[in-house]
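Asks: With the sequence up front, the predicted model follows.
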Amino acid sequence: MSNDVAIVLDDHQLFGESFSVLLEKYTKFDTVHTFQNASELTRFLSEHSRKKFYLFLDYYLQNSNGLAVLSDVKRINKLCKNIFLTSASSWPVLHHIESHFPDGIISKVTGLDVLLECINEVEKGNFYRCPIFQEIKTKNITNKPIIFTARELEILQYFASGNTIAQTAEITYLSHHTIVSHRRNMMTKANCTTIGQLLNYAKEWELI
């Protein structure tokens, strides 16, 4: 793993910086960059689009989610290895993350041995799922949750924060019609008749 660089995206500064120190001390990464803001991360990756990175990101981010970030990262830098390091623990969230094909997914409550095993497997080109998430998947293997797209989850997060359709359209640079269409599609998927029901559904399953 000589000369490889790690990136940590977590909106909790103390955790991000502490995890960076752990990576520097116990792994072979030469450099670790820490970001709290997704836009700063994507700007950095745009400036280094031909360089290989190992990105550690959380699912829960302020005003967003890791899946939306993952979509941008894959578009900007195809060499990046993407590993979710998350506090999420529900089966629907795990299923959503895996449906977007990261290189690995590990729980924040796991140990250093699991982190090192994950890095080693991802370096070999293998997908890695930590034992905690493997147990969750095994127990729920026959239960297929409703899948929302990364964009839909992003929009749901803005709705949950109290933004109107017009405000969400402005923030996401989408048209009013597109936001309404996304909302309608999500309500149909979740069999909801009101936005309140949709948000309750998403919060119940810890999607937002």
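Replies: Received, thanks.

Asks: what packs against the one helix or strand in the chain whose mean pLDDT sits lowest?
Replies: Across the helices and strands of the chain, mean confidence by mean pLDDT, DSSP states H and E is lowest for strand 64-65: a mean of 80. Here strand 64-65 touches helix 150-160, going by 3 or more Cβ pairs under 8 Å, 6 or more residues apart in numbering; DSSP states H and E. C-beta here means a position set from N, CA and C on the backbone, and glycine is covered the same way.

Asks: could you point out which element follows the least confident helix or strand of the chain?
Replies: helix 66-76 (DSSP states H and E).

Asks: in that following helix, what counts as buried?
Replies: Gly66, Leu67, Ala68, Val69, Leu70, Asp72, Val73, Ile76 (16 or more other Cβ atoms under 10 Å).

Asks: Looking at these, which is nearest Phe53?
Replies: Nearest to Phe53 among those is Val73, at 8.9 Å by Cβ to Cβ.

Asks: The closest one against Ser46, yeah?
Replies: No. Applying Cβ atoms under 8 Å as the test, Val73 and Ser46 come out as separate, 10.3 Å apart.

Asks: Now Trp91. Nearest residue, chain neighbours left out?
Replies: Distances taken as Cβ to Cβ, 6 or more residues apart in numbering place Asn140 nearest to Trp91, at 4.2 Å, with adjacent residues excluded.
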